[in-house]
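Peer 1: sequence? don't have it. structure:
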């Protein structure tokens, strides 16, 4: 399950009507291109639909949002500019917070629905070794991974890994003649 929160603009007049996000996209394209036809082409909105959006929201607001002059193109009115300003302000202020909240909600729902979710900390079982201290220092400096180290014998670390009680198991493995007798245990 993946949730994403979004901002929805509504016009409250004689009832409540959602403002389609493509209205703001169209206004931005008109500002950048100075033409309703060009804005419609760039945004992939039919010219007829673009014209309808402009007319509908100008009627709802009771003020024109765009001025159209034959041979001079299109230009946002003060109201049109203010709508774009407000949309940008709201998105700049609220989108990061909504994304953070979406992440928290997704984490909570994933914890309920997915047992194989990545843990908050990597659980590492390992036997003592000088390299482990160096690894702990590197991990804490990087800030990328949070690790929870537990020191165990080699075989116990592998058993913990096999039973999903840790995420990583470090172990020693002999390279001499004892190798052949220990293979079945490992």
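Peer 2: Done, it's in. Bear in mind that the values here come from a model prediction, so they are computed numbers and not experimental data. Residues are numbered from 1 along each chain as shown.
Peer 1: For stretch 53-69, buried residues please.
Peer 2: Buried residues in stretch 53-69, counted by 16 or more other CB atoms under 10 Å: 53-54, 56-58, 64-66. C-beta coordinates here come from the backbone N, C-alpha and C atoms, glycine included.
Peer 1: cool, stretch 32-47 as well?
Peer 2: Neighbour counts using 16+ other CB under 10 Å place 33, 35-36, 39-40, 42-43, 45 of stretch 32-47 among the buried residues.
Peer 1: same thing with stretch 137-152?
Peer 2: 139, 149, 152.
Peer 1: quick one, helices of this structure?
Peer 2: Here the chain has its helices, by DSSP state H, at 21-33, 36-43, 47-61, 78-113, 130-142, 154-162, 179-182.
Peer 1: what's the fifth one in contact with?
Peer 2: If I follow you right, that is helix 130-142. Identification of contacts with helix 130-142 by CB atoms under 8 Å, 6 or more residues apart in numbering yields 126, 145-147, 149, 151, 170.
Peer 1: Now do it, average pLDDT.
Peer 2: Across helix 130-142, pLDDT averages out at 71.
Peer 1: for that helix, the distance to its chain's centre please.
Peer 2: The chain centroid and the centroid of helix 130-142 are separated by 30 Å under CA atoms, centre = their mean, to the nearest Å.
Peer 1: Also the third one?
Peer 2: Between the mean C-alpha point of helix 47-61 and the mean C-alpha point of its chain there is a distance of 32 Å (CA atoms, centre = their mean).
Peer 1: Next, the angle helix 78-113 makes with that helix.
Peer 2: Per axes from the mean of the first three to the mean of the last three CA atoms, to 10 degrees, the angle that helix 47-61 makes with helix 78-113 is 100 degrees.
Peer 1: coming back round to it: just the ones in strands from the contacts of helix 130-142, please.
Peer 2: Per DSSP state E, strands hold the following members of the contacts of helix 130-142: 126, 147, 149, 151, 170.
Peer 1: residues touching the second one, list them.
Peer 2: With contact set as CB under 8 Å, 6+ apart, residue 147 has these partners: 121-124, 136, 139.
Peer 1: Between which two of those residues is the distance greatest?
Peer 2: Comparing every pair within the contacts of residue 147 by CB to CB identifies 123 and 136 as the most remote, at 13.7 Å.
Peer 1: So which of those two has more stuff around it?
Peer 2: Using other CB atoms under 10 Å as the criterion, residue 123 and residue 136 rank with residue 123 on top: 18 against 13.
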